[in-house]
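Trainee: A structural model of the following input is requested.
(one chain, ligands or ions: 1)
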Amino acid sequence: MQCVAPSSSIGFKSLHTVSHRIVQPTQLTVQCVASRYDAGAANATNLPLSAAAPTTTNNFAYGGVVKSRTDWQSSCAILASKVVSQQQNTEKSNGADNITVVNGHTSLDLVPIDKLPKPLTIADLSPAPLHGSTLRVAYQGVAGAYSEAAAGKAYPNCEAIPCDQFEVAFQAVELWIADRAVLPVENSLGGSIHRNYDLLLRHRLHIVGEVQLPVHHCLLALPGVRKEYLNRVISHPQALSQCELTLTKLGLTVTREAVDDTAGAAEFVAANNLRDTAAIASARAAELYGLNILADGIQDDSSNVTRFVMLAREPIIPRVDIPFKTSIVFAHDKGTSVLFKVLSAFAFRNINLTKIESRPHRNRPIRLVGDENVGTAKHFEYLFYVDFEASMADVRAQNALAEVQEFTSFLRVLGSYPMDMTPWSPSSQ
Ligand SMILES: O=C(O)C(=O)Cc1ccccc1
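Mentor: Reported below is the predicted structural model:
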């Protein structure tokens, strides 16, 4: 995996003077910092993309399974037109003048059979980047963040693009600066990352994949610093909570401070030469920012794993020949036992649920239930996020969702995507 910013927008500045503020949401820029620590890390220490203002897209107007199906149909149509144009090219190549069309270029040379372009398979039918062949994957954080590792696991030869906020990673995809965004959504120790679920709703990106990444935390400090010198530990809030017990066991009952990402914490310690502060981050972050590993594997549970989802502008075509998962979000409609009815729609079809999560419904916080005799009862309104093990190409899933729609006031399919089936092994990530 490469860790570079798009070359058109790279600017070299010193770590202390660089400004990477975006003036308008439509003018995302990337700046690359020549590393103070070592020349080899220069690529890896790109300053993240940043944004001035969050978008205010209202996804509720867009929600609904019918709309999502329409989306699928329109992307199928686009992809079908790609296939047709490929067929037309092939037909051209079989024409009387024997001109072969290879990757859009015509050639009068005879091409050996093994060099002919391979036919498209269903796996090719995900939108390809328009500029060159390297997939650009936006993640929140700086080089050495776990999200960067997740991007590399999902797309081994990708170009990872650091962003200073998740909002920016989303916008980078929406504005075609990146092809995918990677987003941590839940952790085996810390539970769901709620803010990121809210982001999924506020944007129109589709989940096109997932990866589960074993997370191995290290306690990092400047060379020569010992545990006894520390009076502060900084990291991403999830990392701090995943290491809480171990930190206490190590005698580190010092102040904890939350920062945006683990590798950013390591970079901060190094850049500011902080001899009283340690960071919780990966071994790779230690290497990149010239820090020592004071303690290795400090997560409270060795089976610490984080689930990330991959987001794209277009959905992928769902398949039934490999295990697929589908993620949906819905809101209650009027009536009783709505959640029971919704979950039964899956249970009766033997569709396994892998996740259910409720979040307060921000746009409609309260539901009034009138009763003339007693008064007006008020309930909180919730959005429910459900993941189930079936593809949207599976008729069981289609029927279940048609039924779910009857009981819900809002339903959106966030994506139907291949399940991460890699064997589980705690790693040294
Ligand atoms: O901060 C990071 O490195 C992230 O990618 C977020 C995160 C934090 C802790 C565990 C997994 C992911």
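Trainee: which one is Ala278 nearest to, not counting chain neighbours?
Mentor: Using CB to CB, 6 or more residues apart in numbering and skipping residues adjacent in sequence, the residue nearest Ala278 is Ala221, 4.5 Å away. Every residue, glycine included, has its C-beta placed from N, CA and C.
Trainee: Same check on Arg226?
Mentor: Leu294 is the one closest to Arg226 (CB to CB, 6+ apart), at 7.7 Å.
Trainee: phi, psi of Gly297?
Mentor: Note on Gly297: backbone dihedrals following degrees, to the nearest 10 are phi 70, psi 50.
Trainee: Begin at 8 from now on, thanks
Mentor: In the new count, where the first residue is 8, that last one comes out as Gly304.
Trainee: Without its sequence neighbours, what residue ends up closest to it?
Mentor: Gly304 sits nearest to His223 (CB to CB, 6+ apart), 5.7 Å away.
Trainee: Wait, that neighbour touches Ala290, no?
Mentor: Yes: at 7.4 Å, His223 counts as touching Ala290 under the criterion of CB atoms under 8 Å.
Trainee: any idea how far the residue nearest to Gly304 lies from Thr262?
Mentor: When distance is defined by CB to CB, to the nearest Å, His223 is 24 Å away from Thr262.
Trainee: Over to Thr284?
Mentor: 9 Å.
Trainee: With neighbour numbers in mind, choose between the two.
Mentor: Neighbours were counted for Thr284 and for Thr262 using other CB atoms under 10 Å; Thr284 has more, 23 against 12.
Trainee: That one reaches Arg239, doesn't it?
Mentor: Yes: the pair Thr284 and Arg239 qualifies as a contact (CB under 8 Å) at a distance of 4.5 Å.
Trainee: Which residues of this protein lie near the ligand?
Mentor: By CB under 6 Å from any ligand atom, the part of the chain that sits against the ligand consists of 148, 152-154, 191, 222, 243, 245-246, 268-270, 313.
Trainee: show me where the stretch 158-307 of the chain has strands.
Mentor: For the stretch 158-307 of the chain, the strands defined by DSSP state E, counting those that start in this stretch cover 166-170, 187-194, 198-199, 213-221, 225-228, 239-242, 262-265, 284-288, 299-303.
Trainee: Show residues contacting the second one.
Mentor: If I follow you right, that is strand 187-194. Strand 187-194 is contacted from outside by 142-147, 153-154, 157-158, 161-162, 165, 173, 176-177, 179-180, 199-200, 203-204, 206-207, 212, 215, 222, 245, 249, 311-319, 362, using CB atoms under 8 Å, 6 or more residues apart in numbering.
Trainee: Pairing partners for that strand, with directions?
Mentor: Note on strand 187-194: by DSSP bridges, its sheet partners are strand 143-147 (parallel), strand 198-199 (antiparallel), strand 312-319 (antiparallel).
Trainee: can you list these in JSON lines and add mean pLDDT and mean neighbour count?
Mentor: JSON lines is the format used below for the strands paired with strand 187-194 (pLDDT from 0 to 100; neighbours: other CB atoms under 10 Å):
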{"stretch": "strand 143-147", "mean pLDDT": "96", "mean neighbour count": "28"}
{"stretch": "strand 198-199", "mean pLDDT": "88", "mean neighbour count": "14"}
{"stretch": "strand 312-319", "mean pLDDT": "97", "mean neighbour count": "24"}
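Trainee: Nearest to Asn279, out of the ones you listed?
Mentor: Within these, the stretch nearest Asn279 is strand 143-147; the backing value is 21.2 Å (CB to CB).
Trainee: Could you check the pLDDT of Ser42?
Mentor: With respect to pLDDT, Ser42 has a value of 31.
Trainee: Low-confidence bits of the chain, can you list those?
Mentor: 8-139, 369, 371-381, 383-387, 433-436 (pLDDT under 70).
Trainee: Sheet-wise, list the partners of the longest strand seen in the chain with their directions.
Mentor: The longest strand of the chain (DSSP state E) is strand 415-425. Sheet pairing of strand 415-425 (DSSP bridges) gives strand 331-339 (antiparallel).
Trainee: Next, the contact list for Asp283, please.
Mentor: Contacts of Asp283 (CB under 8 Å, 6+ apart): 236-239.
Trainee: before we move on, the earlier item: the residue nearest to Arg233 contacts Leu229, doesn't it?
Mentor: No: assessed by CB under 8 Å, Leu301 is found out of contact with Leu229, at 10.1 Å.
Trainee: Determine the residues that are contacts of both of these two.
Mentor: By CB under 8 Å, 6+ apart, no residue touches both Leu301 and Leu229.
Trainee: can you pull out the helices in this protein?
Mentor: In the chain, the helices defined using DSSP state H lie at 72-100, 153-161, 173-181, 201-209, 244-249, 251-256, 269-278, 290-296, 345-354, 402-414.
Trainee: Could you count how many residues lie near the residue nearest to Arg233?
Mentor: 18.
Trainee: Turn the strands of the stretch 158-307 of the chain into a markdown table, including distance to Asp340.
Mentor: Output for these, formatted as a markdown table (distance: least, CB to CB, whole Å):
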| stretch | distance to Asp340 |
| --- | --- |
| strand 166-170 | 37 |
| strand 187-194 | 26 |
| strand 198-199 | 24 |
| strand 213-221 | 24 |
| strand 225-228 | 48 |
| strand 239-242 | 42 |
| strand 262-265 | 38 |
| strand 284-288 | 44 |
| strand 299-303 | 51 |
